[in-house]
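[1] Provided below for reference: sequence and predicted model.
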Amino acid sequence: MTPVMSPSVLSGLLATESARDNFVDLEVKPIAWVILGVTIMVMLAVDLFRHREDHAPTPRQATLESLGWVACGLGASAAIFWVWGGDAWGEYISGYLIEKSLSVDNVFVWSIIFSTMAIPLKFQHRVLFWGVFGALVLRLIFILVGTALINRFFWLLIVFGVFLIFTGVKIFRHTEDEGEGGATAGLGLLQKVMPVTERFDGHKFFTLENGKRAATPLFAALVVVEVTDVIFALDSVPAVLAVSKEPFIVFASNAFAILGLRAMYFLLANARERFHYLSHGLGAILVFVGIKMSVSHWYHLDTRISLGVIVLLLIGAIVLSERRAKRLGIAGLGHDGHDGHGH
């Protein structure tokens, strides 16, 4: 005898399936991944060529480069809209804004790392270039593994969602040492593997000291940057997976947001106090996407609504921060042209 499914159970299953199907499910051909990979490599090569000479970028250069990277990110969104339509575009923009917003905290932590490790400003771009390259590889691995796990074990959505809510509350509390523990961990890990010298040898990552190969402070800083990125990726990758389940969109939004981090760093590194309420906004975004992710197996919040909430939270945090900065007379953006440790 065939069992009869009750209307309530049937409607529940249909609601679950409907929520699951509300995310875009793209047929991404291998050529699309090849084009994305080649585009990223070309952009990295151009950036490396432009900064082949060790120099400290001016605030004007940092501003123009930041605008250029944002234009590239928006150009990628236009390509996604043209190929896959508005829903895919909405998921990309949501992921891009989340990653770009969370990257601001990453920038502030980099500033602390470079200051603590006394890395001259003119060498910081070289460290960040390879740091971003490593971050792209790590994010790709995290994203592919994360999407595969979520597709197989839906309950991980709840785990990731609760983790994001917890992290969001922590960031909302505006702890000044957010992410700094990675500096000590990364440096300690490197010192166990090989000798680390305190002497710079131009922009080289390795040098000879007493006839032995040793890591320079630049390589030590690179290791620390990579370790802190792993820590931040634990927040940002699940956050983007809350707005899209399509690996191509998640990686593309991450990649184009991360590619502009170096220019953003030179623009914002000294402006942590100016954007006082940004951490509160980022925390609120993480709590929002955490809740969205936790319930997404049963209920899908429209992508346009999610995008609107994210944009409003960001605008609100920036406006409140600017008002506070004007009230307290806090200076504008940019480095002062000195090195990373105030000399």
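    That came in fine, so what should we check first?

[2] need the helices for the stretch 151-300 of the chain, in chain order.
    156-172, 181-193, 217-241, 247-259, 261-268, 278-295 (DSSP state H, counting those that start in this stretch).

[3] Can you convert these into CSV and add a column each for mean neighbour count?
    The C-beta positions use only the backbone N, C-alpha and C, and glycine is treated the same way. As requested, these are exported to CSV (neighbours: other Cβ atoms under 10 Å):
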stretch, mean neighbour count
helix 156-172, 19
helix 181-193, 15
helix 217-241, 23
helix 247-259, 25
helix 261-268, 24
helix 278-295, 22
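
[4] For Leu121, which of these is the nearest?
    Ranking the helices of the stretch 151-300 of the chain by distance to Leu121, with Cβ to Cβ as the measure, places helix 261-268 first at 8.3 Å.

[5] Please export the C-alpha coordinates of the closest one as CSV.
    Provided in CSV are the C-alpha atoms of helix 261-268 (Å, rounded to 0.1, in the frame of the first residue of the first chain):
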residue,chain,number,x,y,z
LEU,A,261,42.5,45.6,-1.2
ARG,A,262,46.1,46.9,-1.8
ALA,A,263,44.8,50.2,-3.1
MET,A,264,42.2,50.3,-0.3
TYR,A,265,44.9,49.7,2.3
PHE,A,266,47.0,52.7,1.2
LEU,A,267,43.8,54.8,1.2
LEU,A,268,42.3,53.8,4.5
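
[6] Kindly calculate the angle that it makes with helix 278-295.
    On the basis of axes from the mean of the first three to the mean of the last three Cα atoms, to 10 degrees, helix 261-268 is oriented at 140 degrees to helix 278-295.

[7] where's Gly75, which helix or strand?
    helix 59-84 (DSSP states H and E).

[8] what packs against the next helix or strand along the chain from that helix?
    Per DSSP H and E, the first helix or strand lying C-terminal to helix 59-84 is helix 86-116. In terms of contacts (3 or more Cβ pairs under 8 Å, 6 or more residues apart in numbering; DSSP states H and E), helix 86-116 is packed against helix 59-84, helix 121-152, helix 181-193, helix 217-241, helix 247-259, helix 261-268, helix 278-295, helix 303-328.

[9] which stretch in these is the model least sure about?
    When these are ranked by mean pLDDT, helix 181-193 comes last with a mean of 59.

[10] Grab the nearest non-local neighbour of Gly294.
    Residue 294: Ser, not Gly. Nearest residue to Ser294, sequence neighbours excluded (Cβ to Cβ, 6 or more residues apart in numbering): Gly161, at 3.1 Å.

[11] still on that earlier bit, between the helices of the stretch 151-300 of the chain, which one is nearest to Pro120?
    Minimum separation from Pro120 across the helices of the stretch 151-300 of the chain (Cβ to Cβ) falls at helix 217-241, 9.4 Å.

[12] orientation of the closest one relative to helix 86-116 in degrees?
    Calculated by the same axes, to 10 degrees, helix 217-241 forms an angle of 150 degrees with helix 86-116.

[13] and helix 217-241, how far from the chain's centre?
    9 Å (Cα atoms, centre = their mean, to the nearest Å).

[14] Any idea which of the helices of the stretch 151-300 of the chain gets closest to Pro57?
    Among those, if distance is taken as Cβ to Cβ, the winner is helix 261-268, at 4.7 Å.

[15] List the buried residues for stretch 305-322?
    306-307, 309-310, 313-314, 317, 320-321 (16 or more other Cβ atoms under 10 Å).

[16] if we can go back for a sec, tabulate the helices and strands packed on helix 86-116 (CSV), appending distance to Glu53.
    Shown next, in CSV, are the helices and strands packed on helix 86-116 (distance: least, Cβ to Cβ, whole Å):
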stretch, distance to Glu53
helix 59-84, 12
helix 121-152, 9
helix 181-193, 27
helix 217-241, 16
helix 247-259, 21
helix 261-268, 15
helix 278-295, 32
helix 303-328, 34
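
[17] surely the residue nearest to Ser294 meets Gly290?
    Yes - counting by Cβ atoms under 8 Å, Gly290 is a contact partner of Gly161 at 4.7 Å.

[18] Determine the residues that are contacts of both of these two.
    Ala242 (Cβ atoms under 8 Å, 6 or more residues apart in numbering).
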